[in-house]
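[1] quick one, fold the following:
(chains A and B)
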Amino acid sequence: KQEVTQIPAALSVPEGENLVLNCSFTDSAIYNLQWFRQDPGKGLTSLLLIQSSQREQTSGRLNASLDKSSGRSTLYIAASQPGDSATYLCAVQDSWGKLQFGAGTQVVVTP
Amino acid sequence: GAVVSQHPSRVICKSGTSVKIECRSLDFQATTMFWYRQFPKQSLMLMATSNEGSKATYEQGVEKDKFLINHASLTLSTLTVTSAHPEDSSFYICSARGTVSYEQYFGPGTRLTVT
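    Predicted coordinates for the structure are as follows:
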């Protein structure tokens, strides 16, 4: 059974610092991996989707890498801002289309 | 594009009553919709997968008679929580997948509180 783990569970950084969020998964037979952002009491916002054949994806200040063989993905957020404060979730998708989520990393960026 | 809506956004009901939550894909046809539940400080847990015109597939441990799912059209799926109890209080989120890719688009969620 696929298990997705996110470390750390919580992270607090001063504004301007780079953020590094880690995600690991136990079964490397994934279709893709997605990073989401969730604000308190809200739904999910998709940030980046990495296909299993890709090594990384970039969007603005966000960069996500994927090492399928070792079961790891890392989300980098450059030059963090207070507006980046949220919970970040990673999820792996299997060939049936099902998403398995990690527990998330709660990020606080202080001004 | 790829907008998914949920209604209602919040609902409070009394124990023993039933509550229906709607999930709509606004600008695409969703052949498959997914229902998730999220308890406070926890991640999303898949409850069931709903395919248009067929019965939903429930994950292990999810009572199909308690959580009724109907996917009658390519743009609408409903989740009915029957005989709700306080332990059913949670954040329910749906997602929809179109016909082109595997990517799921998420609704804004429904906060259910059972008193």
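
[2] CA atoms for contacts and neighbours, from now on please.
    OK.

[3] wait, what's in contact with residue 105?
    Since you didn't name a chain, this refers to chain A. A:T105 makes contact with A:6-11, A:21, A:87-89, according to Cα atoms under 8 Å, 6 or more residues apart in numbering or on different chains.

[4] try chain B instead
    Contacts of B:Y105 were listed using Cα under 8 Å, 6+ apart, and they are A:46, B:2-4, B:95-97.

[5] would it count as being in a helix?
    No - according to DSSP: H, G, I helix; E, B strand; the rest coil, the state of B:Y105 is strand, so it is not within a helix.

[6] bridge partners for it, pull those for me.
    Bridge pairing for B:Y105 (DSSP bridges) gives the partners B:A96.

[7] quickly note the distance from the residue lying closest to B:K20 once chain neighbours are set aside to B:E63.
    Computed as Cα to Cα, 6 or more residues apart in numbering or on different chains, the closest residue to B:K20 that is not its neighbour in sequence is B:T80, at 4.2 Å. To B:E63, B:T80 is 12 Å away according to Cα to Cα, to the nearest Å.

[8] compare those two (neighbour count), which wins?
    Per other Cα atoms under 10 Å in any protein chain shown, whichever of B:T80 and B:E63 has more neighbours is B:T80, with 17 against 12.

[9] what residues does the more buried one make contact with?
    Here B:T80 is in contact with B:18-21, B:66-69 (Cα under 8 Å, 6+ apart).

[10] just B:R37 next, same as before
    Counting by Cα under 8 Å, 6+ apart, B:R37 has contacts B:44-47, B:90-93.

[11] show the backbone phi and psi for it.
    Phi and psi for B:R37, reported as degrees, to the nearest 10, are phi -130, psi 140.

[12] quick check: the gap between it and B:S43.
    Going from B:R37 to B:S43 by Cα to Cα gives 8 Å.

[13] any part of stretch A:33-51 near chain B?
    Yes - Stretch A:33-51 lies within reach of chain B by Cα under 8 Å from any Cα of the partner chain, at A:42-46.

[14] about what we covered before: and the buried ones among the contacts of B:R37, selectable in PyMOL?
    Selection of buried members from those for PyMOL, criterion 16 or more other Cα atoms under 10 Å in any protein chain shown:
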select buried, chain B and resi 44+45+46+47+90+91+92+93
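
[15] of the contacts of B:R37, which belong to strands?
    Among these, DSSP state E puts B:44-47, B:90-93 in strands.

[16] what's the neighbour count on A:V109?
    Using other Cα under 10 Å, A:V109 is surrounded by 19 other residues.

[17] what's the helix or strand for it?
    Per DSSP states H and E, A:V109 falls inside strand A:105-110.

[18] sheet-wise, list the partners of that strand with their directions.
    strand A:10-14 (parallel), strand A:86-93 (antiparallel).

[19] can you give me the strands in chain A?
    For chain A, the strands defined by DSSP E cover A:4-7, A:10-14, A:19-25, A:32-38, A:44-51, A:56-59, A:62-67, A:72-77, A:86-93, A:99-101, A:105-110.
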